[in-house]
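> pasting the sequence and the predicted model now:
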Amino acid sequence: MQMLLNNRYQVIRTLGSGGFGETFLAEDTQMPSSRRCVIKQLRPIQNNPQIYQLVQERFQREAAILEDLGGFTDQIPTLYAYFQLEGQFYLVQEWIEGDTLTAKVQQQGLFSESSVREIWVKLLPVLEFVHSKRIVHRDIKPDNIIVRHRDGKPVLIDFGAVRESMGTVFNSQGNPTSSIVIGTPGYMPSEQAAGRPVYSSDLYSLGLTAIYLLTGKQPQELETDSRTGEIIWHRYALSVSPTLAEVIDRAIAYHPRDRFASAREIQEALQLGSVTVPPTVAYQYPPVAAAPPPAIPQNTIAVSPGTSPPPAHPPSGQKGIFLGSLIVGGLIGGAIIVGFALNRPPQPIVQSINSSSEPSPIRNTPEDITPPVNSQTSTNSAPSTSETISPEIPASTQPAAARPSPAQAVQNYYTNINQGQYQAAWNQLSPSLQDNQRLHPNGYLSYLDWWGGKVESVDVTQINVVQANTETATVDAKFQYFMKNGRQVPGAVRFSLLWDAENSRWVVSAVK
């Protein structure tokens, strides 16, 4: 694409487009480094000279706010410049090289509890500062949080208050007003959808974002209580601690008065390990969804009996003969890693190894995956500046991310399989295991043929850590296959794991 904007910015490619304009990736030809930047083109929805003058004033004011926000922290993109050209408005912002939270879930699977906590601990002080500037972001979601490659920090993007200014019109009384509602359905609460966002509207969106990271479920996929409007999500994340579940529950409370009043309150709740629930909250989740069962001793992860009956399947019959045919046919590749039952709620898993340790998300981006476009491409969202409370910027203690245990790493893999995220599960195998021609004669296609074509579900009955140190681990797993042809096949696999220090994760290097 050959386009030079403002005689300075050479457009490389279009990143996205929407109702308010387009977003480009460009190079600054007047900088020695030819640094890359994001250029957001914005156009008013009405071609009216009087409206245009008003939009111009609001655009300049909101650009100044963006400059202020980006100058405070490196977790908000820096505003380099803004200009007007042929009746359209342009913002020039820092290009954040990284992956959105949506992209990371798609590439690597669900986040662990410790990883979600880490995201929150690093992002909440930024959000507290934003609110202290009388700004409500109004479009917090996985697409608008980028985990930067160079330092792993979450960056909050799409402060598009200027986009709201593009929707300026005159009402019937001749007064200027906004004709649009900013936000993403599902991630914005009811008061925001009605055009009355408050600070806790952002906290609500952050809570829904955490649920997506833990469960892979978009808000539209979750049920709500018909009496209270509260979101029911615990059944999809049974291993989440009661403390974090309570924090999320309060953040996503239906009524603003029942939520945390500030980002600082969430930080304090996470640090203290307790949540004070306002007496006005009427709804209580069922006890079964509140926490996993007590830990089972002797370094074992086990399925809690009686919590969720297995699906009905025809009698197994001739299991030994069938299992032998799997091995002869080269399908033992499916036994490299096994997953929880597909297409049904997962059974609760409990763990006694390193009970204080939680896994971290996988940080690699495999070559054969094209991640979704960086969400600085968005052109449809903007914050509001309607609130007036100005809390102080909190001081935050950021604990180091806990190292995942080998058993938890295997559990996370099972969760990926349970969610049907076969590519993410495949990426948890070491390159040498992926290239093993005996197990995967056709590489990923063989792997997908097994899991997607022949196995209906797998019940994992036990995970046992045989040995573990800082570099290697051995884990045993027992399970039951439920095949698509109706047969049931028991199995057991011993996994050899290697610690991948670069990506802070365990990878499966061998199986027996």
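Everything's here; your move. Numbers count the residues shown, from 1 in each chain.
> tell me the mean pLDDT over the lengthiest helix in the chain?
Counting by DSSP state H, the longest helix found in the chain is helix 49-72. For helix 49-72, mean pLDDT is 82.
> whatever helix or strand comes next after that helix: which residues count as buried?
On the C-terminal side of helix 49-72, the closest following helix or strand by DSSP states H and E is strand 79-85. Under the neighbour-count criterion of 16 or more other C-beta atoms under 10 Å, strand 79-85 has 79, 80, 81, 82 buried. (Glycine included, C-beta is placed from N, CA and C.)
> stretch 12-27 now?
15, 16, 20, 21, 22, 23, 24, 25, 26, 27.
> likewise stretch 424-443?
By 16+ other C-beta under 10 Å, the buried positions in stretch 424-443 come out as 424, 425, 426, 427, 428, 429, 430, 433, 434, 436, 439, 440.
> which one among these gets closest to residue 486?
The closest of the buried residues of stretch 424-443 to residue 486 turns out to be residue 425 (C-beta to C-beta; 24.2 Å).
> now the closest one: phi and psi?
phi -70, psi -40 (degrees, to the nearest 10).
> ditto for residue 241
The phi/psi pair for residue 241 (degrees, to the nearest 10) reads phi -70, psi 150.
> just checking, residue 411 touches residue 462?
No: using C-beta atoms under 8 Å as the test, residue 411 is too far from residue 462 to be in contact (11.5 Å).
> the two: which has the busier surroundings?
Higher neighbour count among residue 411 and residue 462: residue 411, with 23 against 14, using other C-beta atoms under 10 Å.
> where do the helices sit along the chain?
49-72, 101-108, 113-132, 161-166, 190-193, 199-215, 242-251, 263-272, 319-328, 406-418, 422-426, 431-434, 444-453.
> ranking those by mean pLDDT, which is last?
Here the lowest mean pLDDT among the helices of the chain goes to helix 319-328, at a mean of 38.
> residues in contact with stretch 472-479?
Applying C-beta atoms under 8 Å, 6 or more residues apart in numbering, the contact partners of stretch 472-479 are 338, 406-407, 410, 458-468, 490-499, 506.
> give me the buried subset of those.
With burial judged by 16+ other C-beta under 10 Å, the buried subset of these is 338, 406-407, 410, 458-461, 463-465, 468, 491, 493, 495-499, 506.
> count of residues packed around residue 218?
17.
> identify the residues contacting it.
For residue 218, the contacting residues are 186, 212, by C-beta under 8 Å, 6+ apart.
> measure it to residue 488 for me?
33 Å (C-beta to C-beta, to the nearest Å).
> that older thread, could the buried residues of stretch 424-443 be laid out in a markdown table, adding distance to residue 265?
Below are the buried residues of stretch 424-443 laid out as a markdown table (distance: C-beta to C-beta, whole Å):
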| residue | distance to residue 265 |
| --- | --- |
| 424 | 34 |
| 425 | 37 |
| 426 | 41 |
| 427 | 37 |
| 428 | 36 |
| 429 | 42 |
| 430 | 43 |
| 433 | 46 |
| 434 | 45 |
| 436 | 51 |
| 439 | 51 |
| 440 | 50 |
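> confidence score at residue 402?
Residue 402 is given a pLDDT of 58.
> got it, and residue 491?
The score at residue 491 is 86. That number is its pLDDT.
> am I right that it is in contact with residue 480?
Yes: with contact defined as C-beta under 8 Å, residue 491 counts as touching residue 480 (7.4 Å).
> skipping adjacent residues, who's closest to residue 56 in space?
Nearest non-adjacent residue to residue 56, counting by C-beta to C-beta, 6 or more residues apart in numbering: residue 84, 7.1 Å away.
> contacting residues for that neighbour?
Here residue 84 is in contact with 56, 59, 90 (C-beta under 8 Å, 6+ apart).
> buried among the residues you listed? Need that as a selection in ChimeraX.
Here the buried members of the contacts of residue 84 are turned into a ChimeraX selection, burial being counted by 16+ other C-beta under 10 Å:
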select :59,90
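> verify the stated contact: residue 228 with residue 254.
Yes: contact criterion C-beta under 8 Å: residue 228 and residue 254 qualify, at 6.1 Å.
> those two: which has the busier surroundings?
A count of neighbours by other C-beta under 10 Å puts residue 254 above the other of residue 228 and residue 254, at 19 against 15.
> does the more buried one really touch residue 232, like I thought?
No: with contact defined as C-beta under 8 Å, residue 254 does not reach residue 232; the gap is 11.9 Å.
> residue 219 contacts residue 187, doesn't it?
Yes: when contacts are counted by C-beta under 8 Å, residue 219 is listed as touching residue 187 (6.0 Å).
> overlap in contacts of the two?
In contact with both residue 219 and residue 187: residue 208, using C-beta under 8 Å, 6+ apart.
> neighbour count: the two, which is higher?
More crowded of residue 219 and residue 187, by other C-beta under 10 Å: residue 187, with 25 against 20.
> now do that one against residue 209, distance only.
For residue 187, the distance to residue 209 equals 7 Å [C-beta to C-beta].
> shared neighbours, the two?
Shared contacts of residue 187 and residue 209 (C-beta under 8 Å, 6+ apart): 140, 141.
> quick revisit: quick one: which of the contacts of residue 84 is nearest residue 133?
Nearest to residue 133 among those: residue 59, at 17.7 Å, using C-beta to C-beta.
> and the gap between the closest one and residue 43?
Taking C-beta to C-beta, one finds residue 59 at 11 Å from residue 43.
> which neighbours do the two have in common?
Jointly contacting residue 59 and residue 43 under the rule C-beta under 8 Å, 6+ apart are residue 89.
> quick one on the thing from earlier: now, the most widely separated pair of the buried residues of strand 79-85?
Greatest spacing in the buried residues of strand 79-85, by C-beta to C-beta: 80 and 82 (8.6 Å).
> what is in contact with those two at once?
Shared contacts of residue 80 and residue 82 (C-beta under 8 Å, 6+ apart): residue 92.
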